[in-house]
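In: got a predicted structure plus its sequence, pasted below:
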Amino acid sequence: MHALKRLGTDALRGGQPKGKKVILAWDKAGIDFAFRHKVKQSSGLDFISREKENMKLIRCGERSFDRDDHRNAGVLSDEYVGPGGGAGAMLRRITYLDPAEGTRYAYLTTEMGLPPGLLVLIYKQRWDVEKVFDELKTKLVEKKAWGSKATAKATQAQFLCLAHNLMVLLEEDLLKVEQIDNAKERKRKSGRKEKAEKDGTNFVATALQRFTVRTLKFIRWLRNFVYRPTSREAAPARLRHVYATF
């Protein structure tokens, strides 16, 4: 919440013109309901996040939604809830059942107009972005800022995005030119897809494809050879061996 408040509403709106609604999918640790209500009223900025287990929200009523709308498949309930104690205005709680995992998820939002399934999808996309962040932080070991100034941080972010995109292009080139394919990873993804289809899919599960991240095998291979003088033939041969053996 401190990070949000330091940015200010203009930055949180991402440069969107006045009158255009903006929805932020935020970490569930951001529980300042009074702040959420304030920016919604002053700047047209809505939030959606997960409900924390220790929240003691008061159920205030049931919202009706179109259960025949395919976008709402998996939505169990859409309710009005309040934090109690006058800490902010009424919220909307959407409970969703994931068809593949059989897990229930509860989402809190200040947005009151969109179908509940669409709001669940918005938060699902946040998780997809988080997977790429995890690649940068865990696999590329970029855990600290290069500098304290905004310019340094922006430059670092741009280089990280370039590194990610170059890895994507290299992986595609290796598949096209060298026919190097991570068959085990492809089989794992195929199995996950088959399981999801067997368990039953819905709009949220299939509307948008996830961002793919590079495997640790690929990144370790790249890190090993990027600084080592080697031939164009030797490096791909090693990656082919790694994929086939480990």
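Out: Done, it's in.
In: which helix or strand lies directly C-terminal to the longest helix anywhere in the chain?
Out: Longest among the helix segments of the chain by residue count, using DSSP state H, is helix 150-178. With elements assigned by DSSP states H and E, the helix or strand that comes after helix 150-178 is helix 183-199.
In: got a list of contacts for that next one?
Out: By CB atoms under 8 Å, 6 or more residues apart in numbering, the surrounding residues in contact with helix 183-199 are 99-100, 102, 205, 215, 243-244. Just so you know, the C-beta spots here come from the backbone N, C-alpha and C atoms, and that holds for glycine as well.
In: return the closest of those with respect to Lys153.
Out: Within these, the smallest distance to Lys153 is 27.7 Å, found for Thr215 (CB to CB).
In: domains in this structure, by residue range?
Out: As given by automatic domain parsing, the domain ranges for the chain are 2-115, 128-245.
In: so Leu160 sits against Lys139, correct?
Out: No. In this structure, Leu160 is not within contact of Lys139 by CB atoms under 8 Å, at 11.6 Å.
In: lowest-confidence helix or strand of this structure?
Out: Per-element confidence for the chain was summarised using mean pLDDT, DSSP states H and E. The lowest value among helices and strands belongs to helix 183-199, with a mean of 74.
In: what residues of stretch 58-75 count as buried?
Out: By neighbour count, and taking 16 or more other CB atoms under 10 Å as the criterion, the buried residues in stretch 58-75 are 65, 71-75.
In: all the helices of the protein, residue numbers only.
Out: For the chain, the helices defined by DSSP H cover 2-7, 9-12, 33-43, 116-134, 150-178, 183-199, 203-206, 216-226, 234-245.
In: weakest of the ones you listed by average pLDDT?
Out: In terms of mean pLDDT, the lowest-scoring of these is helix 183-199 (a mean of 74).
In: and that helix with helix 234-245, angle?
Out: Angle between the axes of helix 183-199 and helix 234-245 is 40 degrees (criterion: axes from the mean of the first three to the mean of the last three CA atoms, to 10 degrees).
In: rewinding a little: what's the offset of the longest helix of the chain from the middle of its chain?
Out: Helix 150-178 has its C-alpha centroid displaced from the chain centroid by 19 Å (CA atoms, centre = their mean, to the nearest Å).
In: what is that helix packed up against?
Out: Packing partners of helix 150-178 (3 or more CB pairs under 8 Å, 6 or more residues apart in numbering; DSSP states H and E): helix 216-226, helix 234-245.
In: switch those over to JSON lines; also include mean neighbour count and distance to Thr201.
Out: What follows is the helices and strands packed on helix 150-178, written out as JSON lines (neighbours: other CB atoms under 10 Å; distance: least, CB to CB, whole Å):
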{"stretch": "helix 216-226", "mean neighbour count": "15", "distance to Thr201": "28"}
{"stretch": "helix 234-245", "mean neighbour count": "15", "distance to Thr201": "29"}
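In: just the CA trace of stretch 144-158, in PDB.
Out: Coordinates of each C-alpha in stretch 144-158 appear next as PDB, following Å, rounded to 0.1, in the frame of the first residue of the first chain:
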ATOM      1  CA  LYS A 144      18.000  -5.800  -6.800                       C
ATOM      2  CA  ALA A 145      17.700  -2.500  -8.600                       C
ATOM      3  CA  TRP A 146      20.800  -1.200 -10.400                       C
ATOM      4  CA  GLY A 147      20.300   2.200  -9.000                       C
ATOM      5  CA  SER A 148      17.900   4.300  -6.900                       C
ATOM      6  CA  LYS A 149      16.900   6.800  -9.600                       C
ATOM      7  CA  ALA A 150      13.800   6.300 -11.700                       C
ATOM      8  CA  THR A 151      15.900   6.500 -14.900                       C
ATOM      9  CA  ALA A 152      18.100   3.600 -13.700                       C
ATOM     10  CA  LYS A 153      15.100   1.500 -12.700                       C
ATOM     11  CA  ALA A 154      13.400   2.100 -16.100                       C
ATOM     12  CA  THR A 155      16.500   1.200 -18.000                       C
ATOM     13  CA  GLN A 156      16.900  -2.000 -16.000                       C
ATOM     14  CA  ALA A 157      13.300  -2.900 -16.700                       C
ATOM     15  CA  GLN A 158      13.900  -2.300 -20.500                       C
END
